[in-house]
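J.: Need coordinates for the following:
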Amino acid sequence: MSHPLEPERAPVMILVRRCLIALTVIGILATAFELASERHWNGLEQLVPWLALAVLVLATTLFLLPPGRRTVIIQVLAVVVLGASLYGVVDHVLANFHAGELDQRFADTWDSLPLVERGWYAVTKTVGPAPTLAPGVLGQTALLLLLATMCTGRRVPTTA
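T.: Coordinates of the predicted model:
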């Protein structure tokens, strides 16, 4: 026996999936704008987020093509971008952390500050130039695409 609300579930899931894809595209465009405005292309390491964006564009394009058996490929690509995002967050935090001793406000006291406090200053960009939120947004965008692959809109048999 099917659930009485089952026929209404499919259109809602399709709407949710479309909204997740729209947010994914917005995230891709916003991240590309941020990277371009920061001129984030000096050296191989700064090209990593551009490559991750290209992977997200490919995965999103695959998602938008007529239905097929590409869901696993899209999910793997999204997880790869999540990994690149995590790398970017850690790399930015570490860059800021190491810049702490160069900051004139903390030059004399940086090494004596508690590790948690120095870490907080690095994460919040109180010290250092690297934005920790930017690579996080890349990961959020990949997560949105991953979630979109889980919203099928198909009716799933339920038990009473």
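J.: C-alpha only now, for contacts and for neighbours.
T.: Fine.
J.: In contact with Ala122, which residues?
T.: Residues in contact with Ala122 (Cα atoms under 8 Å, 6 or more residues apart in numbering) are Val93, Leu94, Ala95, Asn96, Phe97, Gly100, Gly128.
J.: Name the residues of the strand or helix carrying the third one that are buried.
T.: With elements taken from DSSP states H and E, the one containing Ala95 is helix 71-99. Along helix 71-99, these residues count as buried under the neighbour rule (16 or more other Cα atoms under 10 Å): 71, 74-75, 77-82, 84-99.
J.: For it, name the packing helices and strands.
T.: helix 48-64, helix 115-123, helix 133-149 (3 or more Cα pairs under 8 Å, 6 or more residues apart in numbering; DSSP states H and E).
J.: swap the cut-off to 6 Å and go again
T.: Packing contacts for helix 71-99, counted by 3 or more Cα pairs under 6 Å, 6 or more residues apart in numbering; DSSP states H and E, involve helix 115-123, helix 133-149.
J.: Quick one, which of those helices gets closest to Gly43.
T.: Across these, Gly43 has its closest neighbour in helix 133-149 (16.8 Å, Cα to Cα).
J.: shaky segments in this structure?
T.: 1-9, 152-160 (pLDDT under 70).
J.: Output stretch 16-25 in PDB, but only the C-alpha positions, please.
T.: What follows is stretch 16-25, C-alpha atoms only, in PDB (Å, rounded to 0.1, in the frame of the first residue of the first chain):
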ATOM      1  CA  VAL A  16      14.200  20.900  -4.600                       C
ATOM      2  CA  ARG A  17      16.500  19.300  -7.200                       C
ATOM      3  CA  ARG A  18      16.100  22.300  -9.600                       C
ATOM      4  CA  CYS A  19      16.800  24.800  -6.700                       C
ATOM      5  CA  LEU A  20      19.900  22.800  -5.600                       C
ATOM      6  CA  ILE A  21      21.200  23.000  -9.200                       C
ATOM      7  CA  ALA A  22      20.400  26.700  -9.400                       C
ATOM      8  CA  LEU A  23      22.400  27.300  -6.200                       C
ATOM      9  CA  THR A  24      25.200  25.100  -7.600                       C
ATOM     10  CA  VAL A  25      25.400  27.300 -10.700                       C
END
